[in-house]
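>>> Could you work out the structure for the sequence below:
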Amino acid sequence: MRQPCLPHLYILIVGVFLALTPFVINAVLMLSDGLV
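Residues are numbered from 1 along each chain as shown. So this is what the prediction gives:
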């Protein structure tokens, strides 16, 4: 039996990951800027 909810869950996870990526990059840049 197929699970039709699986692709939607995958898209949701990818969307959240893409939404959080800029914040993660910004935090890493701030930390590296503070350490240097």
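>>> just the helices in this protein please.
Defined through DSSP state H, the helices belonging to the chain, from first to last, are 5-35.
>>> Could you give the average pLDDT over stretch 14-29?
For stretch 14-29, the mean per-residue pLDDT is 96.
>>> export it as PDB, just CAs?
As requested, the backbone C-alpha atoms of stretch 14-29 are provided in PDB (Å, rounded to 0.1, in the frame of the first residue of the first chain):
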ATOM      1  CA  VAL A  14      12.600  20.400   2.600                       C
ATOM      2  CA  GLY A  15      10.600  23.700   2.900                       C
ATOM      3  CA  VAL A  16      11.500  24.100   6.500                       C
ATOM      4  CA  PHE A  17      15.100  23.300   5.800                       C
ATOM      5  CA  LEU A  18      15.300  25.900   3.100                       C
ATOM      6  CA  ALA A  19      13.500  28.400   5.300                       C
ATOM      7  CA  LEU A  20      16.000  27.900   8.200                       C
ATOM      8  CA  THR A  21      19.100  27.800   6.000                       C
ATOM      9  CA  PRO A  22      19.600  31.600   5.900                       C
ATOM     10  CA  PHE A  23      19.300  31.900   9.600                       C
ATOM     11  CA  VAL A  24      21.900  29.100  10.100                       C
ATOM     12  CA  ILE A  25      24.300  30.800   7.700                       C
ATOM     13  CA  ASN A  26      23.700  34.100   9.400                       C
ATOM     14  CA  ALA A  27      24.400  32.600  12.800                       C
ATOM     15  CA  VAL A  28      27.600  30.900  11.500                       C
ATOM     16  CA  LEU A  29      28.800  34.100  10.000                       C
END
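>>> next one: that stretch to chain centre, how far?
For stretch 14-29, the distance from its own C-alpha centre to the chain's C-alpha centre is 5 Å (Cα atoms, centre = their mean, to the nearest Å).
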